[in-house]
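> Need coordinates for the following:
(one chain, ligands or ions: 1)
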Amino acid sequence: MRTIRITGTGSALPGRIVTNKELEQLVETSDEWIRERTGIAERHVSVGETVVTLASEAAHKALEQAGKTAEEIDLILVASCSPEQYLPCCACQVQAAIGAVNALAFDVNAACSGFLFALNTADVYLRTGLAENALVIGSEGLSKLVDWQDRNTCVLFGDGAGAAVVEADPARMYYFDQGSDGSRGEALSCPGRPLRSPFVATDQGFAPYIFMDGQEVFRFAVKKVPETVALVLQKAGLTAEDVDLFLLHQANERILQAAARRIGAPVSKFPMNMQACGNTSAASIPILLDEANRKGLLKRGQTVVLSGFGAGLTWGTALFQW
Ligand code: COA
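Numbering: from 1, shown residues only. As a prediction, the model looks like this:
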């Protein structure tokens, strides 16, 4: 059966690092509180970088590692919930920036599950022969959506991008699960522009920031991640013991520890980088994947599980052979 294989990864982070100590100057919080509750010590914040420039830098690195030119790419998918522009979409801007003249390009927004939704979409395109390869990117500039006076959220998020080149492969296994529960969307939301035209009577004020019910999201994540991982393991006819690495969305260390316990795998199989990056939403899994790849943690033939969860509410999991 034809599925996909990841042949190159790349990532890009803004140069400006903001430590927890710096946040103590902005809101009533402490380095200790943030580390204890989330595992985060610092995050990268854009001071000129955009979702598109970060995505393009990550894409260049992934292409280089895959030994592919931009012209050879058939499909570009950018997962993002924080684009600078409504139009054109990030994927078309990345296409122009890297010169992928032959690609079909569009965005996917499933918030922190976005990279999984995009990767699974790429799998469907490649599996059905609609494309031979794809550049799948998660890129975020959440710092512009965060209220830097709201301690409930500003300590959590960071900016960055990660990319993967995937190619059709007849011999690999690839199983996925994904889902959405829009009825719980209020738990994690961020408004866009309000209605504004000569036909709207009053100017509606709005707060263009991320709102989060942290405990609701926490409960959702620790329940849903083990469920979706179990489902994918079942589809593959494998157990948690057969998995070499679990690369999960880097929202919070305590969520990952709880998920590891429920999945029944040692925490040592769950690499983490939220200490240095915070929660970069759709970018967190491909950044982590790139780190694991470049550090040599991933060996060809190993079984890897990726799992993301977040606003929507949404969740997505993939199991494949590296
Ligand atoms: N520094 C200090 N105190 C803070 C704080 C901060 N940055 N943020 C919140 N607090 C306070 C709260 O105001 C509250 O104070 P109160 O008791 O006086 O009202 C207290 O800490 C406890 O708040 P609570 O929300 O119960 O804390 P918590 O243990 O649930 O931790 C989160 C808060 C956000 C860290 C936690 O809920 C979480 O990680 N949720 C998941 C969030 C997430 O991952 N979102 C993205 C998913 S993609």
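
> how about the residues of the stretch 201-322 of the chain near the ligand?
Met212, Gly214, Gln215, Val217, Phe218, Ala251, Asn252, Asn279, Gly310 (Cβ under 6 Å from any ligand atom). No exception for glycine: its C-beta is placed from N, CA and C like everyone else's.

> let's see 5 Å
For the stretch 201-322 of the chain, the contact set with the ligand under Cβ under 5 Å from any ligand atom comprises Gly214, Gln215, Val217, Phe218, Ala251, Asn252, Gly310.

> residues in contact with Arg262?
Val222, Val225, Pro226 (Cβ atoms under 8 Å, 6 or more residues apart in numbering).

> Report the separation between it and the ligand.
16 Å (Cβ to the nearest ligand atom, to the nearest Å).

> Just to be sure, that residue is in a strand?
No: counting by DSSP: H, G, I helix; E, B strand; the rest coil, Arg262 falls outside a strand, being helix.

> Could you number the chain from 27 rather than 1 from now on?
Okay, residue one is now 27; in that scheme the one you just asked about reads as Arg288.

> Where do the helices of the stretch 127-276 of the chain begin and end?
Ranges of helices in the stretch 127-276 of the chain, per DSSP state H, counting those that start in this stretch, are 140-153, 177-180, 240-262.

> show me what contacts the nearest residue to Gly290 once chain neighbours are set aside?
Counting by Cβ to Cβ, 6 or more residues apart in numbering, the nearest residue to Gly290 once its immediate chain neighbours are dropped is Ala266, at 4.7 Å. Shown in contact with Ala266 (Cβ under 8 Å, 6+ apart): Val255, Leu259, Ile289, Gly290, Ala291.

> outside of the helix or strand where Ala88 lies, which residues touch it?
Assigning secondary structure by DSSP states H and E places Ala88 in helix 77-92. Outside of helix 77-92, the residues that reach it under the criterion Cβ under 8 Å, 6+ apart are 33-40, 72, 95-96, 99, 102, 104, 106, 108-110, 116, 119-120, 123-124, 161, 163, 165-167, 185-191, 193, 309, 312, 316.

> Quick check on those: which are buried?
33-40, 72, 96, 99, 102, 104, 106, 108-109, 116, 119-120, 123-124, 161, 163, 165-167, 185-191, 193, 309, 312, 316 (16 or more other Cβ atoms under 10 Å).

> Out of those residues, which sit inside strands?
Mapping these onto strands (DSSP state E) picks out 33-38, 102, 104, 161, 163, 165-167, 185-191, 193.

> Any idea how far apart the tips of stretch 163-175 sit?
This stretch, stretch 163-175, spans 30 Å end to end (Cα to Cα, to the nearest Å).

> wouldn't His275 be in contact with Ala337 here?
No: the criterion here is Cβ atoms under 8 Å, and His275 misses it with Ala337 at 11.4 Å.

> Show me which of the two is the more surrounded one.
Each of His275 and Ala337 has its neighbours counted (other Cβ atoms under 10 Å); His275 has more, 33 against 23.

> Nearest spatial neighbour of that one, chain-adjacent residues omitted?
Distances taken as Cβ to Cβ, 6+ apart place Gly334 nearest to His275, at 4.2 Å, with adjacent residues excluded.

> Could you pull up the residues touching the one you found?
Counting by Cβ under 8 Å, 6+ apart, Gly334 has contacts 138-142, 274-275, 308, 310-311, 340-343.

> how close does Thr35 get to the ligand?
When distance is defined by Cβ to the nearest ligand atom, Thr35 is 22 Å away from the ligand.
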